[in-house]
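**Q** Return atomic coordinates for the entry below.
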Amino acid sequence: MRGALLLLALCPFSLPALAQQAGSVVLQAGWIHGQTLDSSKPLHTDLKPGLGALIGIPDSFDSPGTAASINDADTLLLASTYFATDHWAVKIEGGIPPTFDLHGEGVVQPNRNIDALRVDLGAHNPIASSRQWSPVLLLQYHFGRAEARWRPYLGLGVTYTWFTNVELGKGFYDDLNNTFGRALAVANGKPPGDTYVEADSSPGWGPIVNAGLSYALSRQWGLSASASYVAFKTESTIDIYAGDGTRLSHSTTQIDVDPLVMALMLTYVW
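**A** Residues are numbered from 1 along each chain as shown. You can find the predicted model right below:
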């Protein structure tokens, strides 16, 4: 009787021959939420030298008080983990790339005495949007025995992030093009009616710290919850061009995105 009671007490915490052991491959799918802890530097702008200097427009200027931020996002996460030993595992993460909106604040104005050359970033939010791709590679250590139901883990890894479908909001595009584009075109002897604006964000590597907890529902099915911190920064650029392709202005800001990523996944041992 005493042995039976001890066995019942242990049942919630262990299963015989669980698959999170050396040689196991665990497939995972679930929900992921990225909360950005971002900060940014004021916008810096370089202009093509032209006749603008005659009316007090500098060739290079900063815009104090301007800032950019990125909204939070949710998406589907897909992952695969290979257990090299009962404790050490390698994990690859991917999923559906989320779309992020870029919000701005502050005023871009090269000369405070010329109100015609003034763009209020906050009046056109979101000022841009893009799709983010961030495949992840993690090395994880899983605590406890391979047959335990509950297994906490820690991980270190890296991600390479790049952006596609970078588009400016229509209101911001029109304001920037009509305010700066036309004036810069005239100052450089270009037709004012055919300027255009392009935006981009730089790719880059970022280290990841990861912690989580897995729970085995059966020998094959389970649940896993995790939190990851990614140290990642990108440089966002906005360029204005004349119709013949001459670049009239080049504006940049560095954004420290630094997302905190939380995930809840259903797991299956294959």
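**Q** quick one: secondary structure of the closest residue to residue 250 other than its chain neighbours?
**A** If the residues on either side of it in the chain are set aside, residue 250 comes closest to residue 46, at 4.9 Å by CB to CB, 6 or more residues apart in numbering. Where C-beta positions appear, they are placed from N, C-alpha and C, glycine not excepted. For residue 46, the reduced secondary structure class is strand; criterion used: DSSP: H, G, I helix; E, B strand; the rest coil.
**Q** Quickly note the distance from residue 46 to residue 168.
**A** Residue 46 sits 19 Å away from residue 168 when distances are taken as CB to CB, to the nearest Å.
**Q** Compare these two and say which one has the larger neighbour count.
**A** Legend: neighbour count by other CB atoms under 10 Å for residue 46 and residue 168, higher for residue 168 (20 against 14).
**Q** Any regions of the stretch 101-250 of the chain where pLDDT drops low?
**A** Along the stretch 101-250 of the chain, no part satisfies pLDDT under 70.
**Q** can you give me the helices in the stretch 51-200 of the chain?
**A** The residue ranges that make up the helices of the stretch 51-200 of the chain, judged by DSSP state H, counting those that start in this stretch, are 170-176, 182-187.
**Q** Please work out which of the ones you listed is packed deepest.
**A** Burial among the helices of the stretch 51-200 of the chain, expressed as mean neighbours by mean count of other CB atoms under 10 Å, is greatest for helix 182-187, which shows a mean of 21.
**Q** which outside residues touch that helix?
**A** Helix 182-187 is contacted from outside by 47-48, 50-52, 57, 116-117, 191-193, 195, 240, 242, 248-249, using CB atoms under 8 Å, 6 or more residues apart in numbering.
**Q** Using neighbour counts, trim those residues to the buried set.
**A** Buried residues within these, defined by neighbour count using 16 or more other CB atoms under 10 Å: 47, 48, 50, 52, 57, 117, 195, 240, 242, 248, 249.
**Q** Can you add distance to residue 203 and give those back as JSON lines?
**A** As requested, those are arranged in JSON lines below (distance: CB to CB, whole Å):
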{"residue": "47", "distance to residue 203": "26"}
{"residue": "48", "distance to residue 203": "26"}
{"residue": "50", "distance to residue 203": "32"}
{"residue": "52", "distance to residue 203": "33"}
{"residue": "57", "distance to residue 203": "33"}
{"residue": "117", "distance to residue 203": "32"}
{"residue": "195", "distance to residue 203": "27"}
{"residue": "240", "distance to residue 203": "23"}
{"residue": "242", "distance to residue 203": "28"}
{"residue": "248", "distance to residue 203": "25"}
{"residue": "249", "distance to residue 203": "23"}
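**Q** Can you tell me which of the residues you listed lies closest to residue 96?
**A** Nearest to residue 96 among the buried ones among the contacts of helix 182-187: residue 240, at 32.9 Å, using CB to CB.
**Q** Isn't the closest one up against residue 195?
**A** Yes: Residue 240 sits in contact with residue 195 when judged by CB atoms under 8 Å, with a separation of 6.1 Å.
**Q** Find me the pLDDT at residue 47, would you?
**A** In the predicted model, residue 47 carries a pLDDT score of 86.
**Q** Same question for residue 1.
**A** Model confidence at residue 1, expressed as pLDDT, equals 38.
**Q** residues near the residue nearest to residue 102 when sequence neighbours are not counted, how many?
**A** The shortest distance from residue 102 to any residue that is not its chain neighbour, by CB to CB, 6+ apart, is 4.2 Å, and that residue is residue 128. Around residue 128 there are 24 other residues, counting by other CB under 10 Å.
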